[in-house]
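A.B. asks: Structure of the sequence below:
(one chain, ligands or ions: 2)
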Amino acid sequence: MSELLVTGGQVLRPDLTVERADVLVSQDSGDIVAVDDPGTLDGDDELDASDGLVIPGLVNAHTHVAMTLLRGLADDKPLDAWLQEDVWPVEAELTADDIRAGAELGLVEMIRSGTTALSDMYFEVEEIADAVDQAGMRAVLGFTAVTVGKDDEAARSDLEESLDVARKLDGAADGRVRTTFQPHSLTTVGEEYLREFVPQALEDDLSIHLHANETRDEVTPIVDEHGQRPLAYADDIGLLDGDTYVAHGVHVDDSEIDLLAETGTGVAHCPASNMKLASGMAPVQDLLDAGVTVGIGTDGAASNNDLDMFDEMRDAAMIGKLAADDASAVDAGTVVEMATANGAALLGFDSGRIETGANADLAVIDLDAPHLTPAHDLVSHLAYAVHGSDVRHTVCDGEVLMRDRTVEVFDEQAVRERASEHAASLVERADD
Ligand SMILES: CSC[C@H]1O[C@@H](n2cnc3c(O)ncnc32)[C@H](O)[C@@H]1O
Ligand SMILES: [Zn+2]
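C.D. replies: Numbering: from 1, shown residues only. Ligands and ions are numbered 1, 2, ... in the order given. You can find the predicted model right below:
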């Protein structure tokens, strides 16, 4: 039996208090086995958390991890133009090897910035699952189906693949990979396909993840065509339930917020992407007040342009206040909970908190820095002042993924070189 002791630091507890404590994790079960007074616990191996804060590993509730290859390729456009003119033509050239290279780069970036779990939507999901396995992280993965612009055979094949991937990969990487059925959005998957395939997903108890109500341009055609708000239409199809979470949820009215709350449907809020694409401001405080579980996601690196969840917490707090016209809205503690416990609840993992019995997924923040001085309130620092580069160690499932800022699960230099080569050749092919 092998146990790892995270020692000498302060610890963020589930009630958001901070105390001096040591954390003992079992590398066999992958769980936290004790959180106790400094100096009272022993382990076979130690991680030095002195001058540090031990926090739950962050949960990125919505991303497209392999899109690191498209980082900085097309900026300063709204969603529709960005996808149709820039992103989709390049994605049409992606190979499985490209996706593997992009996913590894994104996972390294996440480990370096304290993220231990992600929810991903993309293609070539076996490659992504293998990369997650090697990274030692936790993930909810799926193949994203799009039917617009496809003939019936291709449309069905996409939806079948989304179901098959969700059935096949659930439980991969020793249970660290879970899956979702993924219609891309309510406007990019036709109604006849949603009505046929969603019941199949529900019959198999598959969770569902989709983009919804991201831009006004996505809402209007649904209201025009179906005479219903998008989430009423989604509910009519059976898409909303306790195992579903939608990405974005920006343009939701009061009736849709009630629907999300009544059905137990969660929201993965993506503040940076929503600002960069000028999609709008999600009413996050209203969602939370209604009892909706709201997590935080970076979206892909092409619309962010990084995968740093500390940036995302800060953005969520800032834009949440603007949206509510209230400086007390979406406060520091709330965004920390959104990026940890709420994200874990959306993804269905027993993580997001430093507590005996929880998954041993954690990060140690180095507090010995000018921008973190003085330390009046460490929850405030997590929300507003810490950067991903302040992370000293990252642990998932009891295994050390990064020790003293050195990533142990990948050769970081090789991953970066390979991703750069794949990105260059991908863009060349797309330009031909
Ligand atoms: C097939 S995987 C996901 C699909 O979605 C595209 N995408 C990336 N960001 C967004 C976004 O904010 N809204 C909608 N779709 C997005 C991505 O490029 C893939 O094609
Ligand atoms: Zn997305």
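A.B. asks: What does the pLDDT read for residue 1?
C.D. replies: On the pLDDT scale, residue 1 is placed at 74.
A.B. asks: So for it, what's the nearest residue that isn't a sequence neighbour?
C.D. replies: Once flanking residues are discounted, residue 1 sits nearest to residue 28: 5.6 Å by C-beta to C-beta, 6 or more residues apart in numbering. For every residue, glycine as well, the C-beta is placed using N, CA and C.
A.B. asks: Quick check: the one you found vs residue 57, distance?
C.D. replies: 19 Å (C-beta to C-beta, to the nearest Å).
A.B. asks: Repeat that for residue 233.
C.D. replies: Distance, residue 233 to residue 57, by C-beta to C-beta: 36 Å.
A.B. asks: higher neighbour count, the two?
C.D. replies: For residue 233 versus residue 57, neighbours defined as other C-beta atoms under 10 Å are more numerous around residue 57 (32 against 19).
A.B. asks: Got the domain ranges for this structure?
C.D. replies: Per the record, the chain has its domains at 3-56+352-407, 58-347, by the TED database.
A.B. asks: okay, those domains, which one's buried deepest?
C.D. replies: Ranked by mean neighbour count, the domains of the chain are led by domain 58-347 with a mean of 21 (mean count of other C-beta atoms under 10 Å).
A.B. asks: Give me the average confidence score over that one.
C.D. replies: For domain 58-347, the mean confidence score works out to 98.
A.B. asks: dump the residue contacts of the residue nearest to residue 215 when sequence neighbours are not counted.
C.D. replies: Spatial nearest neighbour of residue 215, chain neighbours left out: residue 279 (4.8 Å); criterion: C-beta to C-beta, 6+ apart. Contact analysis of residue 279 by C-beta atoms under 8 Å, 6 or more residues apart in numbering lists 78-79, 214-215, 248, 250, 273.
A.B. asks: out of these, who's near ligand 1?
C.D. replies: Residues of these in contact with ligand 1 (C-beta under 6 Å from any ligand atom): 79, 214, 273.
A.B. asks: Quick one: mark the members of the residues you listed that sit in helices.
C.D. replies: 79, 273 (DSSP state H).
A.B. asks: mind checking how far residue 296 is from ligand 1?
C.D. replies: 14 Å (C-beta to the nearest ligand atom, to the nearest Å).
A.B. asks: can you pull up the bridge partners for that residue?
C.D. replies: Beta-bridge partners for residue 296, by DSSP bridges, are residue 269.
A.B. asks: contacting residues around it?
C.D. replies: For residue 296, the contacting residues are 59-61, 268-271, 309, 312-313, 316, 335, 338-339, 342-343, by C-beta under 8 Å, 6+ apart.
A.B. asks: Which members of these occur in helices, if any?
C.D. replies: Those of the contacts of residue 296 lying in helices (DSSP H): 271, 309, 312-313, 316, 335, 343.
A.B. asks: with these in mind, which one is nearest to ligand 1?
C.D. replies: residue 271 (11.9 Å; C-beta to the nearest ligand atom).
A.B. asks: The closest one against residue 316, yeah?
C.D. replies: Yes: here residue 271 reaches residue 316: they are 4.6 Å apart, a contact under C-beta atoms under 8 Å.
A.B. asks: what packs against the strand or helix carrying residue 129?
C.D. replies: Using DSSP states H and E, residue 129 sits in helix 125-135. Under the contact definition 3 or more C-beta pairs under 8 Å, 6 or more residues apart in numbering; DSSP states H and E, helix 125-135 sits against helix 96-112, strand 138-141, helix 152-169, strand 177-183.
A.B. asks: Output it as CSV, restricted to C-alpha atoms.
C.D. replies: What follows is helix 125-135 as a C-alpha-only set of coordinates in CSV (Å, rounded to 0.1, in the frame of the first residue of the first chain):
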residue,chain,number,x,y,z
VAL,A,125,-12.3,10.2,-29.2
GLU,A,126,-10.2,7.1,-28.8
GLU,A,127,-7.1,9.2,-29.3
ILE,A,128,-8.3,11.7,-26.7
ALA,A,129,-9.1,8.9,-24.3
ASP,A,130,-5.6,7.4,-24.7
ALA,A,131,-4.1,10.8,-24.1
VAL,A,132,-6.2,11.3,-21.0
ASP,A,133,-5.2,7.8,-19.8
GLN,A,134,-1.5,8.7,-20.2
ALA,A,135,-2.0,12.1,-18.6
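A.B. asks: closest point of this protein to ligand 1, which residue?
C.D. replies: Closest point on the chain to ligand 1, by C-beta to the nearest ligand atom, is residue 144, at 3.2 Å.
A.B. asks: about what we covered before: among the contacts of residue 279, which pair sits farthest apart?
C.D. replies: 78 and 248 (13.7 Å; C-beta to C-beta).
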